[in-house]
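Engineer: Predicted model, plus sequence, below.
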Amino acid sequence: MTHEDDRLPESLRSAARAYNDPPELSRSDLDAMWSAIEKDAFPRRFASPSAERSMSHVGRPRSDIRRWIGARNLLPLAAVLLLGVAIGRFALPRAVPATTIALRAPATDSVAVPEPYQNTTSRYLGQTAALLVALPGEVKAGRADDRFLGRAHDLLLTTRLLLDTPAAADPRFRMLLEDLELVLVQVVRLQSDQGRAELDLIRQALEQRDVLPRLRNAVADISADD
Amino acid sequence: MTSPAVAGEAQRFVNREPELIARVIAGDRLAARELYDAHAPRVFRLAFRFTGDGELARELTQETFIRAFAQLGRFRGDSALSTWLHRVTISVVSNAMRKVKRFRAREADLDEAMMLTVESRRADPDLSDKLYRAIDELPEIYRVTLVMHDVEGYTHEEIANVLGVAEGTCKSRLSVARAQLREKLAPFAKEWLE
């Protein structure tokens, strides 16, 4: 007798298919599980300034001390820190002597990403550029829906992952990733009812940090390396 | 049915898997996340089928990936990564279920003592409930085979690879599982034949 001969009657077979019917995993379920896996399986190897930011803790384990201080107490601290970082970055070229700048600046203007990361990085940069270019139109048309924000969320996660890899060893590229992280955090937090106001803030962030031209340059650099 | 575009994308991912695996072994989280994103839903699905408990299935999914990433260096590529991952899943789930069963048995004793038996809560279960209980009560090796084949739709070849047994063993386990189900549901044969 083959196993097909002793098949259960259709009524039982169809009932059996609903046995412990699994629910669909949400994005936040996947992220929460990943946080636990990452913490256990991958002890942090590359220090990332972004890890210390408290803009969002999605996908990242929160340290005990942060939990102890409490999110409410951290907000003013985070705001001061971000302000300090922003002022520091804008002030740096004027305040620091030219010799120091020369030492800090990379030898060329191009972005260097290690070969194993080039495909992923190139794809990531292309998708991020497409999302940021499409953003104003999507918001104006009221289409910045869950799907669009979900893409931004995915790109934010990839940004953070890239920050933890040797791909971010190039200081110029790391700075671009950090700026993209800040912008994507704002995009993820877009709410339809306040879309216009929030969009203005994002646009300001993009313009002040010259993010889109730098992003396009990075795409061109990495594509040329492929 | 899977569209050609989706199938093409899946194939491209499978082609990239060896490179991703090498990067994970070298400690690359980005590659690990890519593998996780591709396989976690199916691993969770399998864990849920065997546990019926969302929270437990999530924990077991995490445990599966933690163990898989730790042992990835031992993956020789003889089978598909998904097959190897599902083998780890079954192993993690089986270990956990043994503990859960012991715990639930103690809990049931307690309920019985308090005159709150499971039966009294399910006074008149319908056919599905009877079937699910009968599946729950199958010995583990039969339940795993039946759930993978008749519920999740794995082929005998896939189950044999995951469980590390011969295809013939897999077929005979399925026959035994079905026979036991028929036997347990015999008193309600009229109901399920209607």
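Structural biologist: Here it is on my side, so go on.

Engineer: And the helices in chain B?
Structural biologist: Counting by DSSP state H, the segments of chain B that form helices are B:4-25, B:29-51, B:54-71, B:81-113, B:118-121, B:127-136, B:140-146, B:156-163, B:167-185, B:189-193.

Engineer: got a list of what B:A40 touches?
Structural biologist: A:25, A:30, A:33-34, B:61, B:65 (CB atoms under 8 Å, 6 or more residues apart in numbering or on different chains). The way it works is simple: take the backbone N, C-alpha and C, and place the C-beta from them, glycine included.

Engineer: Any chance of the residues you listed in a markdown table with pLDDT and distance to B:F75 as columns?
Structural biologist: Compiled in a markdown table, the contacts of B:A40 are given as follows (pLDDT from 0 to 100; distance: CB to CB, whole Å):
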| residue | pLDDT | distance to B:F75 |
| --- | --- | --- |
| A:L25 | 91 | 24 |
| A:L30 | 94 | 22 |
| A:M33 | 95 | 21 |
| A:W34 | 95 | 20 |
| B:T61 | 97 | 18 |
| B:F65 | 97 | 13 |
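
Engineer: Buried ones only from those residues, please, as a ChimeraX command.
Structural biologist: Listed next is the ChimeraX selection for buried residues among the contacts of B:A40, using 16 or more other CB atoms under 10 Å in any protein chain shown:
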select /A:25,30,33,34 /B:61,65
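
Engineer: returning to what we had before: quick one: closest of the helices of chain B to A:R214.
Structural biologist: A:R214 sits nearest to helix B:29-51 of all those, at 21.1 Å, using CB to CB.

Engineer: mind checking how far the spatially most central residue of chain B is from B:D78?
Structural biologist: When CA atoms, centre = their mean is applied to chain B, the residue found nearest the centroid is B:L46 (3.6 Å). Going from B:L46 to B:D78 by CB to CB, to the nearest Å gives 20 Å.

Engineer: residues contacting the nearest residue to the residue nearest to the centre of chain B once chain neighbours are set aside?
Structural biologist: Once flanking residues are discounted, B:L46 sits nearest to B:T89: 5.2 Å by CB to CB, 6 or more residues apart in numbering or on different chains. Contacts for B:T89 (CB under 8 Å, 6+ apart) come out as B:43, B:46-47, B:60-61, B:64.

Engineer: what's the pLDDT at B:T89?
Structural biologist: Note on B:T89: pLDDT of 96.

Engineer: same check, this time on A:D164
Structural biologist: 82.

Engineer: what's the spacing between it and A:P43?
Structural biologist: 11 Å.

Engineer: Give me the more crowded residue out of the two.
Structural biologist: Between A:D164 and A:P43, A:D164 has the larger neighbour count (other CB atoms under 10 Å in any protein chain shown), namely 20 against 8.

Engineer: hey, least reliable of the helices of chain B by pLDDT?
Structural biologist: helix B:118-121 (a mean of 41).

Engineer: what about chain A, any weak spots by pLDDT?
Structural biologist: Regions of chain A meeting the criterion pLDDT under 70 cover residues A:1-5, A:44-110, A:142-144, A:191-197, A:224-226.

Engineer: now with 50?
Structural biologist: A:1, A:45-108 (pLDDT under 50).

Engineer: can you pull out the helices in it?
Structural biologist: Under DSSP H, chain A gives helices at A:10-16, A:27-41, A:64-69, A:71-95, A:98-104, A:115-140, A:146-163, A:171-188, A:195-208, A:211-225.

Engineer: Export these as CSV, with columns for distance to B:L20.
Structural biologist: Listed next are the helices of chain A as CSV, based on distance: least, CB to CB, whole Å:
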stretch, distance to B:L20
helix A:10-16, 35
helix A:27-41, 14
helix A:64-69, 32
helix A:71-95, 34
helix A:98-104, 34
helix A:115-140, 10
helix A:146-163, 13
helix A:171-188, 21
helix A:195-208, 32
helix A:211-225, 19
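
Engineer: Can you add distance to chain B and give these back as TSV?
Structural biologist: Formatted as TSV, the helices of chain A follow (distance: least, CB to the nearest CB, whole Å):
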stretch	distance to chain B
helix A:10-16	5
helix A:27-41	4
helix A:64-69	20
helix A:71-95	24
helix A:98-104	27
helix A:115-140	6
helix A:146-163	4
helix A:171-188	12
helix A:195-208	25
helix A:211-225	15
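
Engineer: closest one to B:S128 among the ones you listed?
Structural biologist: helix A:10-16 (4.7 Å).

Engineer: who are the neighbours of the closest one, in terms of helices and strands?
Structural biologist: Helix A:10-16 sits against helix B:127-136, helix B:189-193, with contacts defined as 3 or more CB pairs under 8 Å, 6 or more residues apart in numbering or on different chains; DSSP states H and E.

Engineer: try 6 Å
Structural biologist: With contacts defined as 3 or more CB pairs under 6 Å, 6 or more residues apart in numbering or on different chains; DSSP states H and E, helix A:10-16 has no packing partner among the helices and strands.

Engineer: just the CA coordinates of it, formatted as PDB?
Structural biologist: Extracted in PDB, the C-alpha atoms of helix A:10-16 (Å, rounded to 0.1, in the frame of the first residue of the first chain):
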ATOM      1  CA  GLU A  10     -11.200  15.100   2.600                       C
ATOM      2  CA  SER A  11     -13.100  16.400   5.600                       C
ATOM      3  CA  LEU A  12     -10.200  15.400   8.000                       C
ATOM      4  CA  ARG A  13      -7.500  16.600   5.600                       C
ATOM      5  CA  SER A  14      -9.000  20.000   5.200                       C
ATOM      6  CA  ALA A  15      -9.600  20.300   9.000                       C
ATOM      7  CA  ALA A  16      -6.000  19.100   9.600                       C
END
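
Engineer: Touching that helix from outside, list them.
Structural biologist: With contacts defined as CB atoms under 6 Å, 6 or more residues apart in numbering or on different chains, helix A:10-16 is touched by B:128, B:131, B:150-151, B:192.

Engineer: Now cross-check those against chain A and list the overlap.
Structural biologist: B:128, B:131, B:150-151, B:192 (CB under 6 Å from any CB of the partner chain).

Engineer: State the pair within the residues you listed that is farthest apart.
Structural biologist: Farthest pair in these, by CB to CB: B:V151 and B:W192, 16.4 Å.

Engineer: So what's the residue count around the nearest residue to A:F148 once chain neighbours are set aside?
Structural biologist: Spatial nearest neighbour of A:F148, chain neighbours left out: A:E138 (5.6 Å); criterion: CB to CB, 6+ apart. A count of nearby residues for A:E138, using other CB under 10 Å, gives 18.
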